[in-house]
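**Q** Quick one, what's the 3D model for this:
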Amino acid sequence: MNKLGLKNTSQVLKILCTLLILFFFLFILRPFFYAIVLGAILALSLSPVIGYLNQKGLHIKKSLNLVIGVIFFIILTPSLAFLLRGSNVLSKTINDPENINKLNELINQATQFIQKASSPLGISPEEVQSYLSQVTKKVTSFTLDLFSKFISEVPNLFLFSLILILSSYFFLSHQQKIRTIFDRFFCFKKNNGDKFIEVLKSSSKGVLLSNVLTGIIQACVITLGALIFGYGEWFLIYFITFIASFIPLLGAGPIALVLSLSSFASGNNISGIGLLVISAISGASDNFIRPYLASFGTVEVPGIINFVAVIGGVITMGLPGLFLGPLITSLVFGVLPIIADELIGE
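**A** Coordinates of the predicted model:
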């Protein structure tokens, strides 16, 4: 009895010791949690590329070094420079009194136009002005908070990116060991285990492709249109459009719409009409390009759910939420059915 009690006490102490060590380990990693998770997402997305290069005869280690080198030097480093400059330009633009006055003037002109249009309908101009004022304040406040949060996180992106790349390299170089640990501890049926991994890979690839490439295409279309119709702040327009494109259902179209309204307000009707067409093209491209790129994933998520996931992700996680929000949502729709099948059967 004493031996049994001593053995049980020993087991409890081992468990407590293990939990304590894990707690402090996770506590230390806490500042880099999102970077590690995004590194895992990137690794899952790049895993098929590594496999393809390996099949073509390139050694797995060389394939890994080549892909990570391209990601870091050709994609990530210029992207960081782009975000750093963009955040500085955006910060100066937001805080420029002249731009604030222009925005207020544009809002007043839009309010007067809507008041005139609502008069034949018997709607009180005072009610329209009060309602528009409230909506404008809320939208402006939300937009400024969103971009301010983004700007505040840009200086930390360098360290964040380094951890992300190192995490991706680790996950890719140890993917076989990770799969072995996964199979050992999760004990999925072989078919469901393969499905689980495939959902992770396809969801990661779908989120990256649908968000990043759609953003680049829409930003190029709207920036080119803005340049054609006389707007010279091409970098600022491209930067804001690229960030706004990550928001499903809203997308980058409203950026061109705001430029169009600004042109109408200044009396340049040709530019206003042209940018209105650009806005329509951008909105249509979002409805075609994003679903096509997202089709590379195997999980279908309703648009409204994705919209809420992106907004909620940014509010709760900051910049990483642009990717983690849609990814977590995709996993909810893709992974939970697999787990349910394991627990309760088909």
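
**Q** and residue 217, how many neighbours does it have?
**A** When neighbours are counted by other Cβ atoms under 10 Å, residue 217 registers 19. Where you see a C-beta, it was placed from the backbone N, CA and C, and this is true even at glycine.

**Q** typed the wrong thing, it's residue 135
**A** Look at residue 135: counted by other Cβ under 10 Å, it has 10 neighbours.

**Q** Is residue 246 in a helix, a strand, or coil?
**A** Here residue 246 is coil, with the state taken from DSSP: H, G, I helix; E, B strand; the rest coil.

**Q** pLDDT value on it, please?
**A** As predicted, residue 246 sits at a pLDDT of 70.

**Q** next one: residue 334
**A** 82.

**Q** ditto for residue 170
**A** On pLDDT, residue 170 comes in at 90.

**Q** That one: what's it in contact with?
**A** residue 39 (Cβ atoms under 8 Å, 6 or more residues apart in numbering).

**Q** so how many other residues sit close to residue 92?
**A** By other Cβ under 10 Å, the residues close to residue 92 number 11.

**Q** That one and residue 344: what is the separation?
**A** Distance of residue 92 to residue 344, computed by Cβ to Cβ, to the nearest Å: 57 Å.

**Q** mean confidence for the helix or strand where residue 221 lies?
**A** Taking DSSP states H and E as the criterion, residue 221 maps to helix 214-228. The pLDDT scores in helix 214-228 average 83.

**Q** Export only the CA atoms of it, formatted as CSV.
**A** This file holds the C-alpha atoms of helix 214-228, laid out as CSV (Å, rounded to 0.1, in the frame of the first residue of the first chain):
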residue,chain,number,x,y,z
THR,A,214,-5.9,39.4,-55.0
GLY,A,215,-4.5,42.3,-53.0
ILE,A,216,-1.7,42.8,-55.5
ILE,A,217,-4.0,42.6,-58.6
GLN,A,218,-6.6,45.0,-57.1
ALA,A,219,-3.9,47.5,-55.9
CYS,A,220,-2.3,47.5,-59.4
VAL,A,221,-5.7,48.1,-61.1
ILE,A,222,-6.8,51.0,-58.9
THR,A,223,-3.4,52.6,-58.7
LEU,A,224,-3.1,52.6,-62.5
GLY,A,225,-6.6,54.0,-62.8
ALA,A,226,-5.7,56.8,-60.3
LEU,A,227,-2.6,57.7,-62.2
ILE,A,228,-4.5,57.8,-65.5
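
**Q** So which bits of it are buried?
**A** 214-215, 217-219, 221-223, 225-226 (16 or more other Cβ atoms under 10 Å).

**Q** which helices and strands sit right next to it?
**A** Helices and strands touching helix 214-228, by 3 or more Cβ pairs under 8 Å, 6 or more residues apart in numbering; DSSP states H and E, are helix 234-244, helix 253-265, helix 269-294.

**Q** how about the ones you listed, which one is nearest residue 70?
**A** Among the helices and strands packed on helix 214-228, the nearest to residue 70 by Cβ to Cβ is helix 269-294 (20.0 Å).

**Q** Now do that closest one, average pLDDT.
**A** On average, helix 269-294 scores 75.

**Q** could you point out which element follows that helix?
**A** Scanning forward in sequence from helix 269-294 by DSSP H and E, the next helix or strand is helix 303-317.

**Q** helices and strands around that following helix, which ones?
**A** Using 3+ Cβ pairs under 8 Å, 6+ apart: helix 303-317 touches helix 321-334.

**Q** Pull out the buried residues from the helix it packs on.
**A** 321-331, 334.

**Q** swap in stretch 176-192?
**A** In terms of neighbour count (16+ other Cβ under 10 Å), stretch 176-192 has its buried residues at 178, 188.

**Q** for it, the distance to its chain's centre please.
**A** What separates the centre of stretch 176-192 from the centre of its chain is 29 Å, taken as Cα atoms, centre = their mean, to the nearest Å.

**Q** Show me the contact partners of it.
**A** For stretch 176-192, contacts defined as Cβ under 8 Å, 6+ apart pick out 171, 193, 196-197, 338, 341-342.

**Q** before we move on, what about stretch 38-54?
**A** 60, 63-64, 66-67, 71, 163-168, 170-172, 175, 200-201, 204-205, 207-208, 320, 323-324, 327.

**Q** which among the residues you listed end up buried?
**A** Applying 16+ other Cβ under 10 Å to the contacts of stretch 38-54 flags 63-64, 67, 71, 163-165, 167-168, 171-172, 175, 200-201, 204-205, 207-208, 320, 323-324, 327 as buried.

**Q** Restricted to helices, list those residues.
**A** 63-64, 67, 163-165, 167-168, 171-172, 175, 200-201, 204-205, 207-208, 323-324, 327 (DSSP state H).
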